[in-house]
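[1] Test case, fold it:
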Amino acid sequence: MTALTETPPEAAGLPAPAAKRKGGGLATYLIIRFLLIFPTILILVTMVFFLMRITGDPITAALGGRLPADQLAQRIHEAGYDRPILVQYFEYLGQIFTGNFGRTISDNRAVTEMLATFGSATLELAVNAVVVALVVGIPLGMLAAHRRDKTPDAVLRIFAILSYATPVFFAGLLLKLVFSVWLGWLPVAGRASTSTEIALTSLASPTGIYWLDALRSGNLAAFWDVESHAILPALALGLLTAGVFLRLVRTNLIGTLGRDYVEAGRSRGVSEFRLVTRHAYKPALIPIITVMGLQIALLLGGAVLTETTFEWKGLGFQLAQYLTARDFVAVQGIVVLLAVIVAVTNFIVDVVAALIDPRVRY
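    Alright, predicted model coming up:
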């Protein structure tokens, strides 16, 4: 009996099955997403550069009226701001690629040094705010989906709307009034007490992230002092994003709970709590991970108001100070750094989403 041989699709001139195709898949997706970071950053840098130049050269904007005309003209010439705008633009791009963002006009310090000094404070605040958003938003979203169309669900939906709609500076002022002024439980402002700041900044090779430096030195009193100062700013900024996570978790869990495999588990007597926390929870996380990258930009934008409200001396606080001083060189450096952080964060989020859900890769 003659065995039948199956002709491969490739031999018949047909496309190979998806599982056998070369290229594509996770590796190609990650390479494309990584390469897209560079044009994104270039577009943002270009926009920031030309928007900053609309008001004229940075030295005139910062020091005009405070220096004699001849000294002002000399400083403009020394900085190269009297050259054609395109020459300045390409020179600025070259400086950025070498890590040189120039020097601030108001206090004459290297922008890279300023970014390193105050960037750690903003990173610390952003991490604390993300923790608050996840700890508050995800469990409450699961509870709202579990108690759908009942009183807890209605209360939590109102909370989500209020937390997202309330201006972050107003939420910060309310938190300070209640927990600092009325109850006296937490500090009003700052990253740490003066003695703690002196102790942590005098360490050998400090990271600038106070809670991490406190743990490295084994100073638990300093660690608690740092965390007590961080609670209110993290709450003010984190609740802004917690409302978004709450609504996303609720909506996606409700959709997932109606799937066939969940109904099959329900028919086998699996408890509703187990269905929510074990079977429907992970598929509902995909949209949350995707949106998380966008929320990083929201957190960084809210950090400006949060740091100003709580006198948290990070990039947001310094950005407000430099805007007041019209120091556009410093402003430009801060905005470019924040743009890079947002672009890289979105890439990381895309990688995580692709690893969890294979459908994202195609």
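[2] There's contact between A320 and V304 in this structure, I believe.
    Yes: A320 lies in contact with V304 (Cβ atoms under 8 Å); the separation is 6.3 Å. Every residue, glycine included, has its C-beta placed from N, CA and C.
[3] Pull up the per-residue confidence for L220.
    Predicted confidence (pLDDT) for L220: 90.
[4] Which residue ranges make up each domain of the chain?
    Following automatic domain parsing, one gets these domains for the chain: 36-97, 111-361.
[5] And those domains: which comes nearest L26?
    Closest approach to L26 among the domains of the chain is made by domain 111-361 (5.2 Å; Cβ to Cβ).
[6] follow-up on the earlier one: export the domains of the chain to TSV and tack on mean neighbour count and distance to G25?
    Output for these, formatted as TSV (neighbours: other Cβ atoms under 10 Å; distance: least, Cβ to Cβ, whole Å):
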stretch	mean neighbour count	distance to G25
domain 36-97	14	17
domain 111-361	18	6
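[7] What's the separation between the closest residue to R109 other than its chain neighbours and A330?
    Take R109 and drop its neighbours on the chain: the residue closest to it by Cβ to Cβ, 6 or more residues apart in numbering is R103, 6.5 Å away. Going from R103 to A330 by Cβ to Cβ, to the nearest Å gives 9 Å.
[8] Then L51?
    The span separating L51 from A330 equals 15 Å under the rule Cβ to Cβ.
[9] what does F245 give?
    Separation of F245 from A330 (Cβ to Cβ): 33 Å.
[10] which helix of the protein spans the most residues?
    Counting by DSSP state H, the longest helix found in the chain is helix 220-257.
[11] Can you list the low-confidence ranges for the protein?
    The chain contains residues with pLDDT under 70 at 1-24, 64-65, 272, 277-282, 284, 293-294, 297, 301, 356-362.
[12] Give me the most central residue, it.
    Nearest to the mean C-alpha position of the chain, by Cα atoms, centre = their mean, lies I296 at 2.5 Å.
[13] Okay, and the closest residue to it other than its chain neighbours sits in which element?
    Using Cβ to Cβ, 6+ apart and skipping the chain neighbours, the partner closest in space to I296 is T345 (4.6 Å). Taking DSSP states H and E as the definition, T345 sits inside helix 328-356.
[14] Check the offset of stretch 134-143 from the chain's centre.
    Distance of stretch 134-143 from the chain centroid (Cα atoms, centre = their mean, to the nearest Å) equals 19 Å.
[15] before we move on, the earlier item: could you name the helices and strands sitting against the longest helix of the chain?
    Applying 3 or more Cβ pairs under 8 Å, 6 or more residues apart in numbering; DSSP states H and E, one finds that helix 220-257 contacts helix 111-146, helix 151-165, helix 168-175, helix 194-201, helix 210-217, helix 281-310.
[16] Including distance to L183, could the ones you listed go into CSV?
    As requested, the helices and strands packed on helix 220-257 are exported to CSV (distance: least, Cβ to Cβ, whole Å):
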stretch, distance to L183
helix 111-146, 19
helix 151-165, 21
helix 168-175, 11
helix 194-201, 22
helix 210-217, 23
helix 281-310, 17
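[17] Quick one: closest of the ones you listed to A234.
    Using Cβ to Cβ, the helices and strands packed on helix 220-257 put helix 111-146 closest to A234, at 3.6 Å.
[18] Could you give the separation of the closest one from the chain centroid?
    Remark: helix 111-146 is offset 8 Å from the chain centroid, using Cα atoms, centre = their mean.
[19] Same question for stretch 92-107.
    How far stretch 92-107 lies from its chain's middle: 23 Å, per Cα atoms, centre = their mean.
[20] same thing with stretch 329-336?
    17 Å.
[21] tell me the angle of the helix or strand where R33 lies relative to helix 328-356?
    Assigned by DSSP H and E, R33 belongs to helix 25-53. Here helix 25-53 runs at an angle of 160 degrees relative to helix 328-356 (axes from the mean of the first three to the mean of the last three Cα atoms, to 10 degrees).
[22] Counting by contacts, list what helix 25-53 packs against.
    The helices and strands touching helix 25-53, judged by 3+ Cβ pairs under 8 Å, 6+ apart, are helix 85-97, helix 328-356.
[23] V45: which of the ones you listed is closest?
    Here helix 328-356 is closest among those (Cβ to Cβ), at 5.6 Å.
[24] Run through the neighbouring helices and strands of the closest one.
    Here helix 328-356 touches helix 25-53, helix 58-63, helix 111-146, helix 281-310, helix 315-324, going by 3+ Cβ pairs under 8 Å, 6+ apart.
[25] Looking at those, which is nearest to S271?
    Nearest to S271, of all the helices and strands packed on helix 328-356, is helix 111-146, at 10.8 Å by Cβ to Cβ.
[26] about what we covered before: which one of the helices and strands packed on helix 328-356 lies nearest to A189?
    Closest to A189 of those, according to Cβ to Cβ: helix 281-310, at 5.0 Å.
[27] Check the offset of the closest one from the chain's centre.
    Distance, centroid of helix 281-310 to centroid of chain: 6 Å (Cα atoms, centre = their mean).
[28] which helices and strands sit right next to that helix?
    In terms of contacts (3+ Cβ pairs under 8 Å, 6+ apart), helix 281-310 is packed against helix 111-146, helix 168-175, helix 220-257, helix 315-324, helix 328-356.
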